[in-house]
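**Q** I need the structure of the sequence given here:
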Amino acid sequence: MSGLMQLLSSHGIPQILIIKGAFYSIAALVCLFAILVVASPNIFHSAIYLAAVLIGVACVYLFLDAEFLAVVQVLIYVGAILTLLIFAIMLTADIRSKTPRQTLRRILISAFAALAALYAFINIIHKNPWRSAVTPPATAFSLAQLGKSLMLNYILPFEIISLVVLAALVGAIAIAKTERR
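**A** Next up is the predicted model:
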């Protein structure tokens, strides 16, 4: 990546412009795929668009210099949760069936609710003094300390979550088997 940055910088393009352009491109793609998640009539396609959204969020984490969170985002959400979701869709839903027609009234009500929520969020952001707040410096920790903490202090919640995910997968298989008989 640094070779590409040097090449573009040698042609007179400032590095900050390259970084901002890449960030805004990724953010626009994440927003586009998020819209496709809720607008797609096919639930399987929505799950694939969700994978693109989650990978895009991992890319945003990379821009924030949070490499660990980016890796965890891809491993846990894309690798585990989304795979479980796709298995559940494939085992329980008949994705070839006709989806209910969306009427103009439902679309207008949903668009109005979304615009009202957007207006409320923008008002909250503008009325809140974000820039004047002083945050204390974060304490540094290593990945070894994080791993040790996960395996010593948080091993029970970690195992409980894995059992819940396993139970959801077994439940999806059981539901799919009883419906097909």
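
**Q** Please make it C-alpha for all contacts and neighbour counts, starting now.
**A** Fine.

**Q** Please name the nearest non-neighbouring residue to the spatially most central residue of the chain.
**A** Geometric centre of the chain, nearest residue: L54, 3.1 Å, by CA atoms, centre = their mean. Nearest residue to L54 in three dimensions, chain neighbours excluded: V78, at 6.6 Å (CA to CA, 6 or more residues apart in numbering).

**Q** State the distance from the one you found to L85.
**A** Distance from V78 to L85, counting by CA to CA, to the nearest Å: 10 Å.

**Q** same thing with I107?
**A** From I107 to L85 the distance is 26 Å (CA to CA).

**Q** again, but for R105
**A** Counting by CA to CA - R105 and L85 are separated by 30 Å.

**Q** Between these two, which has more neighbouring residues?
**A** Using other CA atoms under 10 Å as the criterion, R105 and L85 rank with L85 on top: 17 against 9.

**Q** What residues does that one make contact with?
**A** A47 (CA atoms under 8 Å, 6 or more residues apart in numbering).

**Q** make it 10 Å
**A** For L85, the contact set (CA atoms under 10 Å, 6 or more residues apart in numbering) comprises F44, A47, V78, L91, A168, L169, A172.

**Q** so the fourth one makes contact with F44?
**A** No: L91 sits out of contact with F44 when judged by CA atoms under 10 Å, with a separation of 11.5 Å.

**Q** okay, and for the chain, where does confidence drop off?
**A** 1-5, 8, 93-102, 130-138, 178-181 (pLDDT under 70).

**Q** ok, which stretches of it are helices?
**A** 2-10, 15-39, 43-63, 67-72, 82-92, 104-127, 143-152, 155-180 (DSSP state H).

**Q** deepest of those helices, which one?
**A** Of all the helices of the chain, helix 43-63 carries the top mean neighbour count, a mean of 20, counting by mean count of other CA atoms under 10 Å.

**Q** pull the CA atoms of that helix into PDB?
**A** Extracted in PDB, the C-alpha atoms of helix 43-63 (Å, rounded to 0.1, in the frame of the first residue of the first chain):
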ATOM      1  CA  ILE A  43     -33.400 -12.600   2.100                       C
ATOM      2  CA  PHE A  44     -30.400 -14.500   0.900                       C
ATOM      3  CA  HIS A  45     -29.200 -11.500  -1.100                       C
ATOM      4  CA  SER A  46     -29.800  -9.300   2.000                       C
ATOM      5  CA  ALA A  47     -27.400 -11.600   4.000                       C
ATOM      6  CA  ILE A  48     -24.700 -11.300   1.300                       C
ATOM      7  CA  TYR A  49     -25.100  -7.500   1.400                       C
ATOM      8  CA  LEU A  50     -24.800  -7.600   5.100                       C
ATOM      9  CA  ALA A  51     -21.500  -9.400   4.700                       C
ATOM     10  CA  ALA A  52     -20.300  -6.500   2.500                       C
ATOM     11  CA  VAL A  53     -21.500  -4.000   5.200                       C
ATOM     12  CA  LEU A  54     -19.600  -5.800   7.900                       C
ATOM     13  CA  ILE A  55     -16.400  -6.100   5.800                       C
ATOM     14  CA  GLY A  56     -16.700  -2.300   5.100                       C
ATOM     15  CA  VAL A  57     -17.000  -1.600   8.800                       C
ATOM     16  CA  ALA A  58     -13.800  -3.600   9.300                       C
ATOM     17  CA  CYS A  59     -12.200  -1.400   6.800                       C
ATOM     18  CA  VAL A  60     -13.300   1.700   8.700                       C
ATOM     19  CA  TYR A  61     -11.700   0.200  11.800                       C
ATOM     20  CA  LEU A  62      -8.500  -0.100   9.900                       C
ATOM     21  CA  PHE A  63      -8.700   3.600   9.100                       C
END
